[in-house]
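>>> Okay, predicted coordinates and the sequence, questions at the end:
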Amino acid sequence: SGQGSQYVNMGRELATSLEAARGVWDQAADIALGEVPLHDVVFPPPAFTESEQTTQASMLTATQWAQPAIAAVQLSQLAVLRQLGIEPAMVGGHSFGEFTALAAAGSMSSADLLRVARRRGELMATATGMTGAMTAVLGAPDDLEQQAQAFGFGVVAANRNAPTQPVSPGQLAAIEQLEQWLQARQIEFRRLPVSTAFHSALVAPAVEPLKQFLADGEIHPAKVPVYANTTARPYPAEPHAVRAQLAEQLAAPVRFSEQIQNMYAAGVGVFLEVGPRAALSSFVEQTLAGRPHLVVSLDRQGTDGVLAFCLALAKLAAAGVAMRPGELWRDDAPPADPRQRKKAPLSVPILGVNYGRPYPPPAGSVATPSPAVAGVPVASTAASADAAARGFLLRVQRDVASGEQTADDRDERGGRLGQGAQEPVGVSRRHA
């Protein structure tokens, strides 16, 4: 998946639960990717106001942060897949996701991917002085692009994600005009959460600087075919050709739907979406509608990350994909047999006899019933109960010091203490 799929706390549960996923974030923390660590942007402190939530989302949407953040989530998922023994027959990506596809195929290291993601985002953010935007048209008619061009909006369908879902980038004012035109014709659209107009002339000034930056990184031969957005065909084998195509992809249209059709024709029947959300899964479903296939996504916003990942594994296993699920719990100690557990010496059974009878009661200790002892008045207030307790302790201390304590005294006081009596024991029966 590419930019626009990011959201705050994406990949959190996987990183906090699985060592392989957490290792990617540890690696990212050791790479200088900006003024703050990447994980602080993706996993910020809890926000308690709408303003705080908006600020956190806006920071993550900034292209210089969104791209390395998405890369880290994708790399963490790939690390777990490798641990399970799940390897692809071929790979492809959407927009920035194409860089991660190359990393998945072994053409680029994880560290280089994170650095390239950051630099690509910085170049795109500063490529133009004009504010750009992108809007996706849902259920677009076949001649939508021709109609829009006839009205002179100055935008084109740069991302062909699905047969009826083009995405148009352009200057903000032009995109707003297009959206008003679509609304008047009751054509559904959705503004994408991106900070500029990707895959358009607005970001073309970033192509050459990106090509120069890529020249310093290593590109290895891919272990499996990597399909490209600009050609909808596998990448060439030569490293210099890979670098050039990666850089030019920045301002070129994304032929994603055509790419999926070519991968399907090459024998792919199971498509696994790696990355946050599940937008690409719907594109694949629309593209291959009516043909046998399976699309599985590893993440869904609003669903626990580990649960979503395990549900995806279950779907893959049911489809016959080979894996080693036991690797997820390889380092976990087996649970102890509860029958062999030693009982704690101070174990107290919980009976529930006082359920619904909180202590102290709402009226305080005054309302607490006290046991009555024949012939002895009962304390009626908390103050008298406290005075009685102090008097009892003073008497015990005096008797012990003088040696005048008798067996009757010990029995009497022991009984009172054992029964929790709250009587005014400053006067005993012995001295009454």
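Received it, and whenever you're ready, just let me know what you need. Residues are numbered from 1 along each chain as shown.

>>> Checking residue 135 next. Helix, strand or coil?
Residue 135 falls in the strand class when you classify it by DSSP: H, G, I helix; E, B strand; the rest coil.

>>> and it, how many residues sit next to it?
For residue 135, the count of nearby residues is 19 (other CB atoms under 10 Å). For the C-beta atoms, the positions are set from N, CA and C on the backbone; glycine is no exception.

>>> i'd like the first residue to be 52 from this point on
Shifting the count to begin at 52 puts that one at residue 186.

>>> Now do the same contact list for it.
Residues in contact with residue 186 (CB atoms under 8 Å, 6 or more residues apart in numbering) are 218, 219, 226, 229, 230, 233, 240, 241, 242, 243.

>>> Which members of these occur in strands, if any?
Counting by DSSP state E, the contacts of residue 186 place 218, 219, 240, 241, 242 in strands.

>>> Tell me what the fourth one is bridged to.
Spelled out, it's residue 241. residue 187 (DSSP bridges).

>>> give the contact list for it.
By CB under 8 Å, 6+ apart, the residues touching residue 241 are 186, 187, 189.

>>> Dump those to TSV, plus pLDDT and distance to residue 134.
Listed next are the contacts of residue 241 as TSV, based on pLDDT from 0 to 100; distance: CB to CB, whole Å:
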residue	pLDDT	distance to residue 134
186	93	39
187	91	35
189	89	37
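
>>> just those residues now: which is nearest residue 164?
Of all the contacts of residue 241, residue 187 has the smallest distance to residue 164: 26.0 Å, by CB to CB.

>>> Count the neighbours of the closest one for me.
Using other CB under 10 Å, residue 187 has 19 neighbouring residues.

>>> With residue 355 instead?
The tally of other residues near residue 355 (other CB under 10 Å) stands at 14.

>>> And residue 268, by the same measure?
By other CB under 10 Å, neighbour count at residue 268 equals 16.

>>> before we move on, could you check phi and psi at the closest residue to it other than its chain neighbours?
Among residues not flanking residue 268 along the chain, residue 163 sits closest, at 4.7 Å (CB to CB, 6 or more residues apart in numbering). Dihedral angles of residue 163 (phi, psi; degrees, to the nearest 10) stand at phi -70, psi -40.

>>> so how far is residue 235 from residue 163?
Separation of residue 163 from residue 235 (CB to CB, to the nearest Å): 47 Å.

>>> got it, and residue 300?
Note on residue 300: its distance to residue 235, by CB to CB, is 34 Å.

>>> Compare these two and say which one has the larger neighbour count.
Each of residue 300 and residue 235 has its neighbours counted (other CB under 10 Å); residue 300 has more, 23 against 8.

>>> Who are the contact partners of residue 93?
Applying CB under 8 Å, 6+ apart to residue 93 gives the contacts 59, 60, 61, 62, 63, 111, 120, 123, 124.

>>> ditto for residue 163
Residue 163 makes contact with 154, 268, 269, according to CB under 8 Å, 6+ apart.

>>> can you redo those residues as CSV with secondary structure, pLDDT and distance to residue 249?
Converted to CSV, the contacts of residue 163 look like this (DSSP: H, G, I helix; E, B strand; the rest coil; pLDDT from 0 to 100; distance: CB to CB, whole Å):
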residue, secondary structure, pLDDT, distance to residue 249
154, helix, 98, 20
268, coil, 92, 21
269, coil, 95, 26
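
>>> of all these, which comes closest to residue 394?
Checking those against residue 394 with CB to CB, the nearest one is residue 154 at 53.6 Å.

>>> what's the nearest residue to that closest one if we skip its chain neighbours?
Nearest non-adjacent residue to residue 154, counting by CB to CB, 6+ apart: residue 164, 4.5 Å away.

>>> cool, residue 329 as well?
With sequence-adjacent residues excluded and distances taken as CB to CB, 6+ apart, residue 329 is closest to residue 348, at 3.6 Å.

>>> Just give me the neighbour total for that neighbour.
Using other CB under 10 Å, residue 348 has 24 other residues around it.

>>> Show me what it is bridged to.
Judged by DSSP bridges, the bridge partners of residue 348 are residue 324.

>>> can you pull the contacts of it?
Taking CB under 8 Å, 6+ apart as the test, what residue 348 contacts is 323, 324, 328, 329, 331, 332, 359, 363.

>>> Equivalent analysis for residue 344, please.
Shown in contact with residue 344 (CB under 8 Å, 6+ apart): 315, 320, 321, 322, 335.

>>> where in the protein is pLDDT low?
Residue ranges of the chain with pLDDT under 70: 180, 204-205, 399-400, 405, 416-444, 446-483.

>>> Just want the most central residue of it.
Among the residues of the chain, residue 61 comes closest to the average C-alpha position under CA atoms, centre = their mean, at 2.9 Å.
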